[in-house]
Structures are given as C-alpha cells and as structure tokens.
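Asks: Pasting a predicted model and its sequence here:
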Amino acid sequence: MKSLIVYASRYGTTAECARRLSELLPGESRLVDIRKEKKLSFEGYDSVVIGGPIYAGKISHEISAFCDYNQKEIERRRVGLFICCLYDGEKAQVELNEAFPAWLNAHALGRHAFGGAIKMSKLNFIDRFLIRKIAGSEKDINSVKQDRIDQLAHELAGE
C-alpha cells in the first residue's frame, strides 16, 4: 500500500499527528503539508489521508480547496479523514462532520478527531487571546488521542 497524507498545520500538532499516522500505515507513506506544496500527483497512491486543524469552527481553506479541486482523484482511492481540535465527544463529531464536504465524508473508510494540543509559547498574540477565552486556560494543553490515530491506520489497512 502506498499512502499520500495531505495536511495543513499551523503550529505543528497536525503535522505531528500526520507523522505518527504515517509510521503506522503499511507500505510507503508520503507526508505533504499543503501550505508548502500546492501541486500534487496522485500517481501510484492507493490511499489518501486528509487532515487539518479546526480554527474558529472551520478547517483550513487550503484543505477545503484541495478537496474540491481534487475530488475525482480522491474518489478513486481509499480515503481517511482526520481533524485536530480541542473538543471531544459529540462536539468533536460535529466539527469532523462539518470540516469536509458530504461526498468526502460518505466516501471515507475512516474519520477521526485526534484531539489537539496547544503550546501557548508558540501562539501569536491573537491566537493566545482566543485560546484563553475558548479553553479557559493559560497552560499548555495536550489532548491528542493516540488510540484514534491507531484506529485510522487499522481502518485504512483493512484490518
């Protein structure tokens, strides 16, 4: 199996989750930060995994545009989806459902909210202010769920 993992990462949590996932997938995996590499070839890839962080209730514009622009190529492959967000449970499911278009949610073999992490020292002033209001904390937060990363890898591998 050869997998293409496309993600957007602002402060590194999504990139770290994508890297962890790539280590678990059988065969070869290629990690692509869509903010750095805009044009991609799907040639030779059996699977595509798409993920990104949720900010202000939305996934990044780059991920949305990637999905829309590449719909036909994506639909020809096994697909996994993930988001990184600070919510869990029902709220995380709502965020996951709204992050991707309906056609993509229906096509995906696995869809997971991996949790999230915040390193306050890495945030710019505005993001730090917003996180304090949303999360109600000035401390670093790490709620990444490794078991959900494992589960997506198993689903994509057909286990």
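Replies: Everything's here; your move.
Asks: Report the contact partners of residue 66.
Replies: By C-beta atoms under 8 Å, 6 or more residues apart in numbering, the residues touching residue 66 are 6, 34, 50. The C-beta positions use only the backbone N, C-alpha and C, and glycine is treated the same way.
Asks: Just to be sure, it is in a strand?
Replies: No. With DSSP: H, G, I helix; E, B strand; the rest coil as the criterion, residue 66 is located in helix rather than a strand.
Asks: what about it, distance to residue 117?
Replies: Distance of residue 66 to residue 117, given as C-beta to C-beta, to the nearest Å: 23 Å.
Asks: now the closest residue in space to residue 82 that isn't next to it in sequence: how far from residue 7?
Replies: Of all residues not flanking residue 82 in the chain, residue 51 sits nearest, at 3.9 Å (C-beta to C-beta, 6 or more residues apart in numbering). Distance from residue 51 to residue 7, counting by C-beta to C-beta: 5 Å.
Asks: do the same with residue 47
Replies: 14 Å.
Asks: out of these two, which sits in the busier spot?
Replies: For the pair residue 47 and residue 7, the greater number of neighbours falls to residue 7 (26 against 20), based on other C-beta atoms under 10 Å.
Asks: That one: what's it in contact with?
Replies: Applying C-beta under 8 Å, 6+ apart to residue 7 gives the contacts 14-15, 17-18, 31-34, 50-52, 63.
Asks: could you list every residue that touches the residue sitting nearest the centre point of the chain?
Replies: With distances taken as C-alpha atoms, centre = their mean, residue 51 lies nearest the centre of the chain, 2.0 Å away. Neighbour list for residue 51: 5-7, 14, 17-18, 63, 81-84, 114 [criterion: C-beta under 8 Å, 6+ apart].
Asks: Dump the contacts of residue 66 to a markdown table, plus distance to residue 143 and neighbour count.
Replies: Listed next are these as a markdown table, based on distance: C-beta to C-beta, whole Å; neighbours: other C-beta atoms under 10 Å:
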| residue | distance to residue 143 | neighbour count |
| --- | --- | --- |
| 6 | 23 | 23 |
| 34 | 24 | 18 |
| 50 | 21 | 26 |
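Asks: The residues you listed in strands, which ones?
Replies: 6, 50 (DSSP state E).
Asks: Make JSON lines out of the contacts of residue 66 and add pLDDT and distance to residue 23.
Replies: Output for those, formatted as JSON lines (pLDDT from 0 to 100; distance: C-beta to C-beta, whole Å):
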{"residue": "6", "pLDDT": "98", "distance to residue 23": "17"}
{"residue": "34", "pLDDT": "96", "distance to residue 23": "20"}
{"residue": "50", "pLDDT": "98", "distance to residue 23": "18"}
